[in-house]
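> With the sequence up front, the predicted model follows.
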Amino acid sequence: MLGVEMGSTNQGHEYFTAEKKYLSAQTLEDKIEGLKEMIQMSKKHKSTEKMVAELKTRLKKFMEKAEKNSSVGKGKKGIRKEGFQVILVGLTNSGKSLLLSRLTNASPVVSSSPFTTHEPNIGTMYYEGVYAQIVDLPAVLGKDFDMSILHTADLILIVAEKLEDISLFEKVLERCRGKRLLLINKTDLLGYDALRRLEAQLKSKRSDFVLVSALTGEGINLLKRRIFEAMNIIRVYMKEPGKSPSSQPVVLSVGGTVFDVAESIYKGFSKIIVETKLTGPSGKFANQRVGMNHILKDRDVLEFKTR
C-alpha cells in the first residue's frame, strides 16, 4: 500500500499508482475510480486474497452510495453535497459570483444587472492539498433563493458591501447550523481612512470577518486560509520506504489517529500492520515508532510495514 512496506504481497508500480489516486481522491466518483484501478492492478495470489476482497467490498458500498446520491437532488436546485460545503449568501450585486470565480474553478455569469444568478452555481476550491465545495446561491430576498440548501452547509460566507446590509436577511440565517464568516466585499471602493474605520467597527463588534475585493483579488488568499481553518482537519502524508512522502494527503478530522489512517486505506488494514514509523509535529523525533492509538497532527508523515 502507499506508504507501506508490503512484505509478501509484493505489489507492482501500477498498483501503487492506482492507490495514490485513491488516497488523494476527495470525491466519491474519484474514490470509485481509484478502487477499480487498485483491484485491476493488484497481483492475484493467496497472500492478497483478503486485501482484494476488502477492496471489492468497499467498492460495492461506494457504488451503492453513488447510485443513491444520483437518485436524489435532481431537481432544478438539487445539490449533492461533496465533502466540506461552503455557501455564499448575500444581496443582489454583492459580488458573490465574482467571489466564486476567484475561489474556485467555476465560471459563473458575472453582471452588474440585479438578480443575474437564478440557480445555485457550484465550484471546487483547492487549497494546500484539500478540496471544498463552494455554492453561490441566488440573491437573498429574490424569488430564486432556496433556504433549504443552507441546512447542509458547514460554513456560510455572508457577503455584504456594508454592515447595514446584513440586517436585511439576518433572520434567514437564524436556524442555520453551520459556522459563519462575514465577508465585506468591494473594499477597493473604500479609501484608506474608511477602510480602517470599518475594520475598527467590526473588531469592536467582535465579528468574525474578512475584508475582500473580488474585483482586485485583495484578501482572497486570506479568505481561502480562513475556509481551510474552518474545516477543522489535519493532513497526513504517506511514505513508501526509501521514497519521498506522497504529494496528496489523507485528510482526517482533528483528533484522528494512526488507526483512522490505516482504516481509510481499507477496512481491516490496521490488523496486518506490524510497525508504524512517524515523522512530524506529533512525534518526538524522526521515524518514531508509534501505535494505532497515536493522535496525529497536521503534516505528519506515516510509513507502514505489514506482515
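Sure thing, it's come through.
> what's the neighbour count on Ser213?
Ser213 has 20 neighbouring residues, counting by other CB atoms under 10 Å. The C-beta positions use only the backbone N, C-alpha and C, and glycine is treated the same way.
> what are the phi and psi angles of it?
Dihedral pair for Ser213: phi -130, psi 110, per degrees, to the nearest 10.
> which residues touch the residue lying closest to it once chain neighbours are set aside?
Of all residues not flanking Ser213 in the chain, Asp188 sits nearest, at 4.1 Å (CB to CB, 6 or more residues apart in numbering). Counting by CB atoms under 8 Å, 6 or more residues apart in numbering, Asp188 makes contact with Ser213, Leu215, Thr216, Glu218.
> What strand or helix carries the third one?
Same thing as Thr216. Secondary structure from DSSP states H and E places Thr216 outside every helix and strand.
> possible to save the contacts of Asp188 as CSV with pLDDT and distance to Val172?
Below are those laid out as CSV (pLDDT from 0 to 100; distance: CB to CB, whole Å):
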residue, pLDDT, distance to Val172
Ser213, 95, 25
Leu215, 93, 26
Thr216, 95, 29
Glu218, 95, 28
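> Out of those, which two sit at the greatest distance?
Across the contacts of Asp188, no pair lies farther apart than Leu215 and Glu218, at 8.5 Å, counting by CB to CB.
> So the two - more neighbours on which side?
Leu215 (16 against 13).
> doesn't Ser101 make contact with that one?
No: applying CB atoms under 8 Å as the test, Leu215 and Ser101 come out as separate, 11.0 Å apart.
> could you pull out the helices for the stretch 51-200 of the chain?
Counting by DSSP state H, counting those that start in this stretch, the stretch 51-200 of the chain has helices at residues 96-103, 163-166, 192-204.
> which strands and helices sit next to the helix or strand just after the last one?
Using DSSP H and E, the helix or strand that directly follows helix 192-204 along the chain is strand 209-211. Packed against strand 209-211, as judged by 3 or more CB pairs under 8 Å, 6 or more residues apart in numbering; DSSP states H and E, are the following elements: strand 179-184, helix 192-204, helix 220-230.
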